[in-house]
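Participant: Quick check, what structure comes out for this input:
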Amino acid sequence: MSNDWISRLVVRGPAGDVEAFAKMATDPRIRAHQFDNSTKHRGRLGLSFTALLARLPPGWGAQLDHDITEPWALSLDRPVRLKGGMLERAYRFQLSHYVPDALLVQVSKQYPRLCFVLGWVEPNIDEQASRFIHAGHSSLYRLPEKRKRVLQAGVPADTTGGNPAATDGNDAVLWALVEADWAMMDAVVSHWDRKADLVLRRIRRSSPTKQGTSARRRPGQP
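Facilitator: Alright, predicted model coming up:
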């Protein structure tokens, strides 16, 4: 990844674990300008890679990059309730000069019942990719060229010849490119939906339910 890419981090899992991660990721010193205006007052939750690194168990962050650039233009989607007491939180932000993949892999070891999907789109180097992270392991996905061409099909040709005075043409191309970038972000993040569903299903099966707990008889109980 390179300078100024748009990013999205989606966290899914048992509600308590998702909320615990959200608190771990929040630095109380985060300033309001990190958030966009629409979400500034949605709560105190934020996303700080410095906070995540500082709260790793001793020694876990020894090999990680400590020269961190924090995300900006951060917005938090409203939490989404999933089946079986599961919850989804999505963080949208911009980032540069720092790749948080290895840090999130370490964090995932602390939260083995969570699935993390980190997606990024870097227009300057034409990169669109995502990483699925779970229990200390990760997998990478890059958007195929064929799919990219489909999502960029609506971008008009730049007929201004690079003339800065022709703002109307430039604006049309710019906004079409922005919309294509967000469509590609949706594509690389949603690529992992099926895998995340399978992992969460396995986690639900392995977690004791209230019904199962109440149905167990005590020793000597008829």
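Participant: And the pLDDT for residue 154?
Facilitator: Listed pLDDT for residue 154 reads 82.
Participant: Sketch out the helices for the protein, chain order is fine.
Facilitator: Taking DSSP state H as the test, the helices found in the chain are 15-24, 49-54, 101-110, 145-151, 167-190, 193-206, 210-215.
Participant: tell me the mean pLDDT over the third one?
Facilitator: Which is helix 101-110. Rounded mean pLDDT across helix 101-110 is 97.
Participant: Which strands or helices does it pack on?
Facilitator: helix 15-24, helix 49-54, strand 115-122, strand 127-134, strand 137-142 (3 or more Cβ pairs under 8 Å, 6 or more residues apart in numbering; DSSP states H and E). No exception for glycine: its C-beta is placed from N, CA and C like everyone else's.
Participant: re the thing from before, ok, which of the helices of the chain comes nearest residue 6?
Facilitator: With Cβ to Cβ as the criterion, residue 6 lies closest to helix 167-190 of the helices of the chain, at 6.3 Å.
Participant: related to what we said a few turns ago, mind putting the helices of the chain into JSON lines with mean neighbour count and distance to residue 131?
Facilitator: JSON lines is the format used below for these (neighbours: other Cβ atoms under 10 Å; distance: least, Cβ to Cβ, whole Å):
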{"stretch": "helix 15-24", "mean neighbour count": "17", "distance to residue 131": "16"}
{"stretch": "helix 49-54", "mean neighbour count": "18", "distance to residue 131": "15"}
{"stretch": "helix 101-110", "mean neighbour count": "18", "distance to residue 131": "6"}
{"stretch": "helix 145-151", "mean neighbour count": "13", "distance to residue 131": "17"}
{"stretch": "helix 167-190", "mean neighbour count": "16", "distance to residue 131": "9"}
{"stretch": "helix 193-206", "mean neighbour count": "14", "distance to residue 131": "12"}
{"stretch": "helix 210-215", "mean neighbour count": "8", "distance to residue 131": "34"}
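Participant: Return the member of these having the minimum mean pLDDT.
Facilitator: The bottom spot among these, by mean pLDDT, belongs to helix 210-215, with a mean of 39.
Participant: returning to what we had before: of all the helices of the chain, which one comes closest to residue 80?
Facilitator: Minimum separation from residue 80 across these (Cβ to Cβ) falls at helix 15-24, 10.2 Å.
Participant: The closest one versus strand 115-122: what angle between them?
Facilitator: 50 degrees (axes from the mean of the first three to the mean of the last three Cα atoms, to 10 degrees).
Participant: Pull the distance from helix 15-24 to the chain's centre.
Facilitator: Averaging C-alpha positions (Cα atoms, centre = their mean, to the nearest Å) puts helix 15-24 14 Å from its chain's average.
Participant: Can I get that helix as CSV, trimmed to CA atoms?
Facilitator: Presented in CSV, the C-alpha positions along helix 15-24 are these (Å, rounded to 0.1, in the frame of the first residue of the first chain):
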residue,chain,number,x,y,z
ALA,A,15,-21.3,-8.9,20.5
GLY,A,16,-19.2,-8.9,23.7
ASP,A,17,-16.0,-9.5,21.8
VAL,A,18,-16.7,-6.9,19.2
GLU,A,19,-17.4,-4.3,21.9
ALA,A,20,-14.2,-5.3,23.8
PHE,A,21,-12.2,-4.8,20.6
ALA,A,22,-13.9,-1.4,20.0
LYS,A,23,-12.8,-0.3,23.5
MET,A,24,-9.3,-1.6,23.0
